[in-house]
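Peer 1: need the 3D shape of this:
(one chain, ligands or ions: 1)
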Amino acid sequence: MGDPLGLLKVTVVQGKRLVIRDFKSSDPYVVVKLGNQLAKTKVINSCLNPVWNEELSFFPTEPIGVLNLEVFDKDFLKTDDKMGHAHLSLQPIVSAARLGQILRVSSSGETTLRKVVPDSDNCLVRESTITCVDGEVVQSVWLRLCDVESGEIELKIKLNPVTP
Ligand SMILES: [Ca+2]
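Peer 2: Residues are numbered from 1 along each chain as shown. Presented below is the predicted three-dimensional model:
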């Protein structure tokens, strides 16, 4: 295990245009993984545009990994169906947090530290902004789900870095 990087709070905000896995709808939930740490949201029944607004906590260590998301349709009496997956590199938020510390961004107000643009290596739907809000480093992200016909997931990621 490497050095701890702080507390990473991942809020799974909502999903949009998720796929149908039952007759008319799905019962989606999200599994979020960072290395061997795993957390799940609750199941929202019969909804293709679910709002979870659920905060999941992770304790990342150096070197920082990739956040992996998988969406499933909860089923009874059979295995849950896959509804797509996505990943997000945590390197930008970690470097932005370091930059914020170096620049000693004031602990009040909001400062934009960095922007991440969609490309072929990430799952971003649109440009993602990393800001420092009242001392916390926050990244807002919309991810496109892969290996599925449609679906996007909104995340808000907060990093409270360990103070050196
Ligand atoms: Ca189901």
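Peer 1: buried sites along the helix or strand of the chain with the lowest mean pLDDT?
Peer 2: Among the helices and strands of the chain, helix 91-102 carries the lowest confidence by mean pLDDT, DSSP states H and E, at a mean of 86. Going by neighbour count (16 or more other Cβ atoms under 10 Å), the buried part of helix 91-102 is P92, I93, V94, A96, A97, G100. C-betas here are computed from N, CA, C, even on glycine.
Peer 1: for the residue of the chain positioned farthest from its centre, pull up the helix or strand it's in.
Peer 2: In the chain, L77 marks the outermost C-alpha relative to the chain mean, sitting 29.5 Å out by Cα atoms, centre = their mean. In the assignment (DSSP states H and E), L77 maps to no helix and no strand.
Peer 1: what about it, distance to the ion?
Peer 2: L77 sits 10 Å away from the ion when distances are taken as Cβ to the ion, to the nearest Å.
Peer 1: from Q139, how far off is that residue?
Peer 2: Note on L77: its distance to Q139, by Cβ to Cβ, to the nearest Å, is 39 Å.
Peer 1: rewinding a little: and which of the buried residues of helix 91-102 is nearest to the ion?
Peer 2: Set against the ion, the nearest of the buried residues of helix 91-102 by Cβ to the ion is I93 (33.2 Å).
Peer 1: that closest one contacts I157, doesn't it?
Peer 2: Yes - assessed by Cβ atoms under 8 Å, I93 is found in contact with I157 at 6.0 Å.
Peer 1: could you pull out the strands for this structure?
Peer 2: Remark: strands assigned in the chain by DSSP state E are 6-16, 28-34, 37-40, 51-58, 66-73, 81-89, 110-116, 128-133, 136-144, 152-161.
Peer 1: returning to what we had before: export the buried residues of helix 91-102 to CSV and tack on distance to the ion?
Peer 2: What follows is the buried residues of helix 91-102, written out as CSV (distance: Cβ to the ion, whole Å):
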residue, distance to the ion
P92, 35
I93, 33
V94, 36
A96, 38
A97, 39
G100, 42
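Peer 1: quick check, nearest of those residues to I153?
Peer 2: I93 (16.7 Å; Cβ to Cβ).
Peer 1: mind listing what that closest one touches?
Peer 2: Applying Cβ atoms under 8 Å, 6 or more residues apart in numbering to I93 gives the contacts I130, V137, Q139, I157, L159.
Peer 1: ok, now which ones touch the spatially closest residue to it that is not a sequence neighbour?
Peer 2: Excluding the flanking residues, the one nearest I93 by Cβ to Cβ, 6 or more residues apart in numbering is Q139, at 4.8 Å. Counting by Cβ under 8 Å, 6+ apart, Q139 makes contact with P92, I93, A96, V116, S128, T129, I130, T131, L155, K156, I157, K158.
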